[in-house]
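Colleague: Give me coordinates for this.
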Amino acid sequence: MKTLTRLLSAAAAAVMVAAPATAESLRFGYGHPPGSYFDKGAQSLAGALKELTAGELEVETFPLSLVSLAETSDGLESGIANVGALMTTMFPAEYPHANLTMEVSMILQLEDGMEDEKQGVLYAAAMTDFILNKCPECNDEFAAKNNVFTSGAASTPYALNCRKPVNDLADMAGARLRISGGYWSRWSQAVGATPVTMSGNEMLEALSQGVIDCIVLSVPDVFNFGMGDLVTDITIGVPGGIYVASFSQVNKDTWAGLSVKNREAFLRAAAVGAADISMMYENGMREKIRQSEAGEIPIKFHRPTEALAKASREFVEKDIATLVAYFAEKHSVTRGDEMVSDLRELVTKWRGLVRDVTTPEELADLYWTEIFAKVDLEKHGL
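Modeller: As a prediction, the model looks like this:
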């Protein structure tokens, strides 16, 4: 596969081992359908791992089977899945430190000139860096559920995907927005809109029947969920917020059973898969903007007016303190302010690192050199 060539050729000599007569196979379960970005990323991981270990270690992928999104944490704990794509926000009590890390992704809105940056790409890398290097509590939470963190992959920032133009503060009055989490609910109320919670399966019908005016979601996922024909206007830049998944969480017993050499191979393969997913989201959004500008799709992209952008920034500044206080009170997260400060430093670091990145190979290389190569594989996850 072309997207793997450079990373694999650079790494293979260091980690390749002779193939035994029979390969060890890991079950990778994830609640995403065949052909989705996560499925493609899992396939990339599987291909890279097989090549890096000369077939000693293989991955069998189970899209939308083996475990659902809601079953992934327990499936990893029990060993039903050796590897899983873990959506930590579905388990607020189990992973509070990791969830605070993800929920404060709105800090990107406070950075000047961030509008045209690769926000999902940089935040996934920053969050991966943070969890592995600056959040022992995060790793303790994972260990308590018998799993090990390896890599994060992210969507593009959440946008307003609507059936009419909604890009000014006045447009928000009474607008019904389908949301998928606490940040987006609080943001909606702060700007005068009405948040509506419903399952992903209900979004299409609700939008078509006018039950909701907009869906708050990443732009590529609007099309991944088959809603591209209903949406006519998309406002990017608000409300923001990025969903970062623990792309390739590993059962702790499985991880402990791997040799150090194969743990390294797994991290290298995880870098490939995570980079592929984050870049697919980024390139998917940019392609839709290009198609819109070329008149190839009947969708108009908008930027928020200054009134809406200002209201959003003011909300974010207050909401960070709200989140830190909430996680301290409800989940005993005592280092919230320090965590936010560390994340902002890492955002600055990764903003510079990924600015000129154009391919998944380049991003995977950065994952390895800046994060994974510094992990103590004799100790991590054990």
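Colleague: switch to C-alpha atoms for all contacts and neighbour counts from now on
Modeller: Noted.
Colleague: Would you map the helices across the protein?
Modeller: Secondary structure of the chain (DSSP state H): helices at 5-15, 37-52, 72-78, 96-103, 119-134, 136-144, 182-190, 200-208, 219-224, 252-257, 260-293, 306-331, 336-354, 360-370.
Colleague: and the residue nearest to Gly152 when sequence neighbours are not counted, what is it in contact with?
Modeller: In space, and not counting its chain neighbours, Gly152 is closest to Ser246: 4.7 Å by C-alpha to C-alpha, 6 or more residues apart in numbering. Counting by C-alpha atoms under 8 Å, 6 or more residues apart in numbering, Ser246 makes contact with 85-88, 149-153.
Colleague: Would you reformat the helices of the chain as CSV and include distance to Arg176 and mean neighbour count?
Modeller: Below are the helices of the chain laid out as CSV (distance: least, C-alpha to C-alpha, whole Å; neighbours: other C-alpha atoms under 10 Å):
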stretch, distance to Arg176, mean neighbour count
helix 5-15, 46, 14
helix 37-52, 28, 24
helix 72-78, 31, 22
helix 96-103, 22, 22
helix 119-134, 26, 25
helix 136-144, 35, 18
helix 182-190, 9, 19
helix 200-208, 10, 15
helix 219-224, 17, 20
helix 252-257, 43, 18
helix 260-293, 24, 23
helix 306-331, 16, 16
helix 336-354, 31, 17
helix 360-370, 37, 20
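Colleague: Just tell me which of those ends up closest to Leu230.
Modeller: Closest approach to Leu230 among those is made by helix 200-208 (6.6 Å; C-alpha to C-alpha).
Colleague: Any idea how far that closest one is from the middle of the chain?
Modeller: When distances are taken as C-alpha atoms, centre = their mean, to the nearest Å, helix 200-208 is centred 23 Å away from the chain's centroid.
Colleague: Please apply the same query to stretch 184-193.
Modeller: Counting by C-alpha atoms, centre = their mean, stretch 184-193 comes out at 22 Å from the chain centroid.
Colleague: Give me the average confidence score over that stretch.
Modeller: Throughout stretch 184-193, pLDDT has a mean value of 94.
Colleague: same check, this time on stretch 41-55
Modeller: Per-residue pLDDT values across stretch 41-55 average out to 96.
Colleague: Output it as PDB, restricted to C-alpha atoms.
Modeller: The C-alpha trace of stretch 41-55 is given here as PDB (Å, rounded to 0.1, in the frame of the first residue of the first chain):
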ATOM      1  CA  GLY A  41      -7.600   2.800   9.500                       C
ATOM      2  CA  ALA A  42      -7.900  -0.600  11.100                       C
ATOM      3  CA  GLN A  43      -7.100  -2.200   7.800                       C
ATOM      4  CA  SER A  44      -4.000   0.000   7.500                       C
ATOM      5  CA  LEU A  45      -2.900  -1.000  11.000                       C
ATOM      6  CA  ALA A  46      -3.400  -4.700  10.200                       C
ATOM      7  CA  GLY A  47      -1.400  -4.500   7.000                       C
ATOM      8  CA  ALA A  48       1.400  -2.600   8.700                       C
ATOM      9  CA  LEU A  49       1.600  -4.900  11.600                       C
ATOM     10  CA  LYS A  50       1.800  -8.000   9.400                       C
ATOM     11  CA  GLU A  51       4.600  -6.600   7.400                       C
ATOM     12  CA  LEU A  52       6.500  -5.200  10.300                       C
ATOM     13  CA  THR A  53       6.500  -8.600  12.100                       C
ATOM     14  CA  ALA A  54       6.900 -10.700   8.900                       C
ATOM     15  CA  GLY A  55       3.600 -12.300   9.600                       C
END
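Colleague: if we can go back for a sec, check the residue nearest to Gly152 and give its pLDDT.
Modeller: Ser246 is given a pLDDT of 94.
Colleague: now do Ala10
Modeller: On the pLDDT scale, Ala10 gets 39.
Colleague: residues contacting Thr232?
Modeller: Residues near Thr232 by C-alpha under 8 Å, 6+ apart: 161-165, 298-300.
Colleague: For Glu202, give its distance to Ile212.
Modeller: 11 Å (C-alpha to C-alpha, to the nearest Å).
Colleague: hang on, the earlier thing: can you redo the helices of the chain as TSV with distance to Gly237?
Modeller: Below are the helices of the chain laid out as TSV (distance: least, C-alpha to C-alpha, whole Å):
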stretch	distance to Gly237
helix 5-15	33
helix 37-52	22
helix 72-78	31
helix 96-103	17
helix 119-134	11
helix 136-144	29
helix 182-190	13
helix 200-208	21
helix 219-224	11
helix 252-257	39
helix 260-293	13
helix 306-331	8
helix 336-354	17
helix 360-370	23
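Colleague: Of all the ones you listed, which one comes closest to Ala170?
Modeller: When the helices of the chain are compared by C-alpha to C-alpha, helix 306-331 sits nearest Ala170, at 8.3 Å.
Colleague: list the helices and strands that closest one packs on?
Modeller: Contact analysis of helix 306-331 by 3 or more C-alpha pairs under 8 Å, 6 or more residues apart in numbering; DSSP states H and E lists helix 96-103, helix 182-190, strand 233-239, helix 336-354 as its packing neighbours.
Colleague: looking at those, which is closest to Leu122?
Modeller: helix 336-354 (5.5 Å).
Colleague: now the angle from that closest one to helix 360-370?
Modeller: Calculated by axes from the mean of the first three to the mean of the last three C-alpha atoms, to 10 degrees, helix 336-354 forms an angle of 130 degrees with helix 360-370.
Colleague: do you know which of the helices of the chain lies nearest Leu110?
Modeller: Nearest of the helices of the chain (C-alpha to C-alpha): helix 306-331, 6.5 Å.
Colleague: That'll do, ta.
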